[in-house]
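Visitor: my questions are about this predicted structure, shown below with the sequence.
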Amino acid sequence: MKTDGKWFDISCDEKTWFICYDGKNNTDKFYLIEEEKTWRQAQHYCREKHTDLVSGNQTFNEEVISKMNSLNKWNKSYVIGLFRESWKWSDGGNSSFRYWDPDMRENPQGNCTMTRLAPQGRWDSDRCNETMPFFCYDDKVILIREEKTWDEALDYCREKHDDLVSIHDPDIQDLVQERAKTADTPYVWLGMRYTSTLDFWFWVSDGAGCYENWAPGNGTGECGTAAAMEKGGGQWVSLPDDKKYNFICTK
């Protein structure tokens, strides 16, 4: 960011000054650091000594602009907390958490690179054809990128995994919502169906439940409807159970 508040882009390996903030006590305090560091090094510095690099609306803060104009004798620009990268998680997740070694190159050589644990648990990168030990994890839920009706999805989950997913608390909601973001269809089937005979919604694995996250205008129930989650917002909608969507199984 320049002294007039305008943004421009530079290489993440270029060294320049930067702006940190402290967000303690719900009051932001800003620090202009006149030390030349790469973007990763600046981020590491701010997170270690303050809270983080300034981001979003903080860049329009009058105090930040005023300090830049009063202290910046050489009309130099400052790095802020906005960045673009090509790294992707293998499970399709979009977490913004990063824990790079501050001395690593932002753009390592090679068309394909991977992360590896460096000393003190920091991340480093290496070529994809290098061999080394690795970690696996077993998640509670799995997104199936196949388009099936609700009944077909139920049969698939029970045959190959455990069941269609049931959501009984905000933690499972968050987990399923994160998985749904990478679906190929606008909705994903959940393990809840409406019974017109008894006039209520029930989870196929655990019966009725108290936790709800219906989108406005949904949840009343009609014959032949089942519950699905919106790909983007995570709210539940009632849809005809013969529609074909991706779905989420429990493992």
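Guide: Perfect, I can see it now. Residues are numbered from 1 along each chain as shown.
Visitor: pLDDT score assigned to residue 61?
Guide: Residue 61 is assigned 74 on the pLDDT scale.
Visitor: do residue 86 as well
Guide: pLDDT for residue 86: 66.
Visitor: now swap in residue 103 and tell me
Guide: On the pLDDT scale, residue 103 gets 67.
Visitor: what do you get for residue 198?
Guide: Looking at residue 198, its pLDDT stands at 78.
Visitor: what do you get for residue 119?
Guide: At residue 119, the pLDDT value in this model is 59.
Visitor: sec struct for residue 57, please.
Guide: Secondary structure assignment for residue 57 (DSSP: H, G, I helix; E, B strand; the rest coil): helix.
Visitor: could I get the contacting residues of it?
Guide: With contacts defined as Cβ atoms under 8 Å, 6 or more residues apart in numbering, residue 57 has no neighbours. To be clear about C-beta, it is placed using only N, CA and C from the backbone, and glycine gets the same treatment.
Visitor: against residue 68, how distant is it?
Guide: 16 Å (Cβ to Cβ, to the nearest Å).
Visitor: residue 22 too?
Guide: Separation of residue 22 from residue 68 (Cβ to Cβ): 17 Å.
Visitor: do residue 148 as well
Guide: As judged by Cβ to Cβ, residue 148 and residue 68 stand 56 Å apart.
Visitor: so for the two, which residue has more residues nearby?
Guide: residue 68 (22 against 18; other Cβ atoms under 10 Å).
Visitor: now the more buried one: how far from residue 5?
Guide: Distance, residue 68 to residue 5, by Cβ to Cβ: 8 Å.
Visitor: same check on residue 58?
Guide: Taking Cβ to Cβ, one finds residue 58 at 11 Å from residue 5.
Visitor: look at these two and report which has more neighbours.
Guide: Neighbours were counted for residue 58 and for residue 5 using other Cβ under 10 Å; residue 58 has more, 18 against 14.
Visitor: surely that one and residue 21 touch.
Guide: Yes - at 6.0 Å, residue 58 counts as touching residue 21 under the criterion of Cβ atoms under 8 Å.
Visitor: distance-wise, check residue 228 relative to residue 7.
Guide: 39 Å.
Visitor: the two: who's more crowded?
Guide: Taking neighbours as other Cβ under 10 Å, residue 228 and residue 7 compare with residue 228 leading, 28 against 10.
Visitor: could you find the closest non-adjacent residue to the more buried one?
Guide: residue 187 (3.9 Å; Cβ to Cβ, 6 or more residues apart in numbering).
Visitor: now do the strands in the stretch 1-150 of the chain.
Guide: Taking DSSP state E, counting those that start in this stretch, the strands of the stretch 1-150 of the chain run over residues 16-22, 29-37, 52-53, 78-79, 113-117, 123-127, 141-148.
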